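S.K.: output the structure for:
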Amino acid sequence: MPDLGQTVAEGKILRWLKGPGDPVTRGEALLEVETDKVTMEVESYRSGYLRAILVGEGEMASAMSPIAVLTDRLDEVSEESNAGDVAAAGADREGTAGTSKHVSAAARPSGRADNHGGRILATPAAKLLARELGVDLRSLVASRPDGLITRRDVNGALGTFLKSRPAHPMATVTTKSVQTIPHFYVAVDADVSAALAWRKQWNSEHADARLSLNDVFVRTASLALRDHPSMNVRYSRGMIEQRTAADILLVVATASRGLSWVPLADPAASGWHEHAHDMRQALKSAEDGMPSLLLPDGAPALAVSNLGMFGVRQFTAIIPPDSTAILAIGAVREEAIVRDGQIEIGNRCMLTLAADHRAVDGVTAAKFLENIKVHLKSL
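M.R.: Sure, this is the predicted structure:
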């Protein structure tokens with residue numbers, strides 16, 4: 001199991017994408033892992049054959065512990081008792097000094113990251129850190145002989161990264177928003193216990209349309225926007241313009257291009273299957289395309305920004321130009337909840353709405369947030 005980040009100690013193996021005896025290519029998705037923050041595909045750090053699976057689907061595995069045996073040849077002698085060697089090789093992947101017998105002799109010399117079929121070879125921890133810092137993985141030099149970028153490589157680039165550089169275009173746009181839009185803020189605690197249970201059941205029955213918690217928040221926000229047309233408006237030159245479609249503007253942090261905005265056409269109008277597909281396509285387009293900060297037809301009335309996967313309890317966000325409000329989603333936390341005079345253990349998260357006071361008032365914002373809570377409970 002690769003290093004999944006400094007705050008993630010273990011992950012659940014959701015699905016093996018390869019079976020024993022299957023050939024594996026370096027950079028190819030090998031399995032799906034779920035942590036308390038995110039669901040991700042884990043790529044193979046080298047080519048070979050998957051000879052044995054040590055941790056089955058649905059089981060937990062600690063970071064850097066052996067989960068499978070990979071060999072160079074299909075007929076190579078391999079026993080599960082060699083798991084210690086596999087663990088040692090995994091530890092070496094994060095920068096242990098010296099060489100490992102599991103690294104192919106034909107591995108290429110250190111150099112810039114390979115674009116392996118459009119994918120950068122990097123550990124999940126390295127990708128997460130690079131995304132947080134806005135570092136382009138393609139610009140980094142891998143210290144490992146097989147070209148795998150590790151967190152150490154990203155940290156090594158900080159000296160260059162922290163030098164003076166042009167500000168991201170988002171700086172200009174958000175500055176204008178703060179200067180021209182009178183923000184006010186409303187926050188509520190939302191019980192997401194029912195939503196988590198529903199999502200778990202859905203994902204167990206729909207492997208082709210798995211949903212993240214962020215997917216659930218986006219669609220429930222769109223449903224609430226339909227229920228409250230008074231929130232689906234825009235202020236323009238002293239007039240209030242009514243919107244009809246419950247479109248959402250998604251704030252996306254890309255690994256190589258920083259923040260961008262991705263418009264989603266009325267998520268409430270589609271079913272959950274289609275919504276899952278639309279969300280994957282939206283995130284892919286944000287990663288592959290240029291950052292979108294100015295929308296030619298104007299932004300949707302409501303934007304959604306989620307920092308919960310980073311453990312952020314609560315935050316306030318800046319309303320994008322042409323939008324009326326932005327929903328900031330904090331981390332889901334387990335805590336004691338009182339229901340009907342009884343104390344239970346449940347899950348809550350903080351929802352904070354920043355709204356344009358020229359277009360909506362506090363009562364409208366409060367009713368809108370309450371409606372989101374109702375949709376989360378009724379899944």
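S.K.: quick check: closest non-adjacent residue to V332.
M.R.: With sequence-adjacent residues excluded and distances taken as CB to CB, 6 or more residues apart in numbering, V332 is closest to C349, at 4.6 Å. Every C-beta, even on glycine, is put in place using the N, C-alpha and C of the backbone.
S.K.: does the one you found sit in a helix, a strand or a coil?
M.R.: strand (DSSP: H, G, I helix; E, B strand; the rest coil).
S.K.: cool, A354 as well?
M.R.: strand.
S.K.: output the strand or helix carrying V218 as PDB, restricted to C-alpha atoms.
M.R.: Counting by DSSP states H and E, the element that carries V218 is helix 213-227. Provided in PDB are the C-alpha atoms of helix 213-227 (Å, rounded to 0.1, in the frame of the first residue of the first chain):
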ATOM      1  CA  LEU A 213     -19.300  12.700  -0.800                       C
ATOM      2  CA  ASN A 214     -18.700  15.800  -2.800                       C
ATOM      3  CA  ASP A 215     -20.900  14.400  -5.600                       C
ATOM      4  CA  VAL A 216     -23.700  14.100  -3.100                       C
ATOM      5  CA  PHE A 217     -23.300  17.600  -1.800                       C
ATOM      6  CA  VAL A 218     -23.300  19.100  -5.400                       C
ATOM      7  CA  ARG A 219     -26.500  17.400  -6.300                       C
ATOM      8  CA  THR A 220     -28.300  18.100  -3.100                       C
ATOM      9  CA  ALA A 221     -27.300  21.800  -3.400                       C
ATOM     10  CA  SER A 222     -28.800  21.800  -6.900                       C
ATOM     11  CA  LEU A 223     -32.000  20.200  -5.600                       C
ATOM     12  CA  ALA A 224     -32.200  22.900  -2.900                       C
ATOM     13  CA  LEU A 225     -31.700  25.600  -5.500                       C
ATOM     14  CA  ARG A 226     -34.700  24.300  -7.400                       C
ATOM     15  CA  ASP A 227     -36.800  24.400  -4.200                       C
END
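S.K.: who are the packing partners of that helix?
M.R.: helix 193-205, strand 248-254, helix 272-288, strand 302-306, strand 325-329, helix 362-377 (3 or more CB pairs under 8 Å, 6 or more residues apart in numbering; DSSP states H and E).
S.K.: need these in JSON lines (columns: distance to L121).
M.R.: Listed next are the helices and strands packed on helix 213-227 as JSON lines, based on distance: least, CB to CB, whole Å:
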{"stretch": "helix 193-205", "distance to L121": "28"}
{"stretch": "strand 248-254", "distance to L121": "18"}
{"stretch": "helix 272-288", "distance to L121": "16"}
{"stretch": "strand 302-306", "distance to L121": "27"}
{"stretch": "strand 325-329", "distance to L121": "31"}
{"stretch": "helix 362-377", "distance to L121": "38"}
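S.K.: please work out which of the ones you listed is packed deepest.
M.R.: Greatest average neighbour count among the helices and strands packed on helix 213-227 goes to strand 325-329 (a mean of 25), per mean count of other CB atoms under 10 Å.
S.K.: what average pLDDT does the helix or strand just after that strand get?
M.R.: Sequence order places strand 333-339 as the next helix or strand after strand 325-329, per DSSP H and E. On average, the pLDDT along strand 333-339 is 83.
S.K.: dump the C-alpha coordinates for strand 333-339 into CSV.
M.R.: Output of strand 333-339 as CSV, limited to C-alpha atoms (Å, rounded to 0.1, in the frame of the first residue of the first chain):
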residue,chain,number,x,y,z
ARG,A,333,-16.6,14.7,11.7
GLU,A,334,-17.9,12.0,14.0
GLU,A,335,-19.4,13.3,17.2
ALA,A,336,-22.2,12.9,19.8
ILE,A,337,-25.6,14.0,18.5
VAL,A,338,-28.8,14.4,20.6
ARG,A,339,-31.9,12.9,19.0
